[in-house]
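compute the structure for the input listed below.
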Amino acid sequence: MQETNFVISIGALEAFSLLLGIVGPIVIIAWKFAGRLSSIETSIMWLRERSERLDRRLDGHDGDLRAIRGRGSLWSRSNSPLQLTDNGRRLLLDSGMRAIVSEHLDELLELLEAEDNPTAYDVSENAIDVLVQFFSDRPDLDRSVKEYLFHHPELSGTILSMEDVFYVGSLMLRDAYFDRHPDMVESA
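Below you'll find the predicted structure:
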């Protein structure tokens, strides 16, 4: 069999045009995807930073909840269920928490009812969690209580904190839940 050789002869201009025709679209496609990848990378970095901030806030709330549960004896008597003392009722009223819980009672009760509440004790614990979350989603309410605490830092010789206000508010919310679900208290 006889071999045949082909020789293609192109000039520099044709070679440049051919190279540009092949490499040009590849460069354009890569440039477009690089922009999109950069945008995706920026979005992922933003999501990561936001997630880390939320993790820190949740860690802070866990500490807040432990503190709330530890200071309850300042504001309530150890009846079953716990009852606010005179100072607890005063803090509930003066801090504005009573008005806030009353104004948003239906929404707060819906949130509390959405929690797992197999026992009256669980209702008490979940009431604190619901209030903390409710306030973290509403900076205006959070701000009003903080302003009260700034101007009235102590009550009967006790330095006040947001945790104290959440605690007394949670007992009010718990009692409203028990009013709506009297069987919960009767079975306890």
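
so how far is Ala34 from Ile28?
Ile28 is 11 Å from Ala34, where distance means CB to CB, to the nearest Å. Where you see a C-beta, it was placed from the backbone N, CA and C, and this is true even at glycine.

do the same with Val130
Separation of Val130 from Ala34 (CB to CB): 47 Å.

out of these two, which sits in the more crowded spot?
Of the pair Val130 and Ala34, Val130 is the one with more neighbours under other CB atoms under 10 Å, namely 26 against 10.

surely the more buried one forms part of a helix?
Yes. Under DSSP: H, G, I helix; E, B strand; the rest coil, Val130 falls within a helix.

start the count at 42, not 1, going forward
Okay, residue one is now 42; in that scheme the one you just asked about reads as Val171.

for it, what are its contacts?
Applying CB atoms under 8 Å, 6 or more residues apart in numbering to Val171 gives the contacts Leu149, Leu152, Leu153, Glu156, Ser211, Leu214.

turn those residues into CSV, columns for secondary structure, pLDDT and neighbour count.
What follows is the contacts of Val171, written out as CSV (DSSP: H, G, I helix; E, B strand; the rest coil; pLDDT from 0 to 100; neighbours: other CB atoms under 10 Å):
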residue, secondary structure, pLDDT, neighbour count
Leu149, helix, 97, 23
Leu152, helix, 96, 18
Leu153, helix, 97, 23
Glu156, coil, 94, 14
Ser211, helix, 95, 28
Leu214, helix, 98, 27
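
for the protein, what spans make up the helices?
Assigned helices in the chain, in chain order: 53-111, 127-135, 138-144, 146-154, 161-177, 180-192, 203-221, 223-227 (criterion: DSSP state H).

what's in contact with the shortest one?
Residues external to helix 223-227 that are found in contact with it (CB under 8 Å, 6+ apart): Pro122, Asn158, Thr160, Ala161, Val164, Tyr218, Phe219.

and the lowest-mean-pLDDT helix or strand in the chain with helix 161-177, angle?
Ranked by mean pLDDT, DSSP states H and E, the helix or strand of the chain with the weakest confidence is helix 53-111, at a mean of 74. Orientation check (axes from the mean of the first three to the mean of the last three CA atoms, to 10 degrees): helix 53-111 against helix 161-177 gives 130 degrees.

just the angle for helix 53-111 relative to helix 203-221, thanks.
Relative orientation of helix 53-111 and helix 203-221, computed by the same axes, to 10 degrees: 80 degrees.

show me the contacts for Gly55.
Heads up, residue 55 is Glu, not Gly. Glu55 neighbours (CB under 8 Å, 6+ apart): none.

could you measure from it over to Tyr189?
For Glu55, the distance to Tyr189 - CB to CB - is 83 Å.

same thing with Asp135?
Going from Asp135 to Tyr189 by CB to CB gives 7 Å.

the more surrounded of these two?
Tyr189 (17 against 14).

list the contacts of the more buried one.
Here Tyr189 is in contact with Asp135, Ser136, Gly137, Val206 (criterion: CB under 8 Å, 6+ apart).
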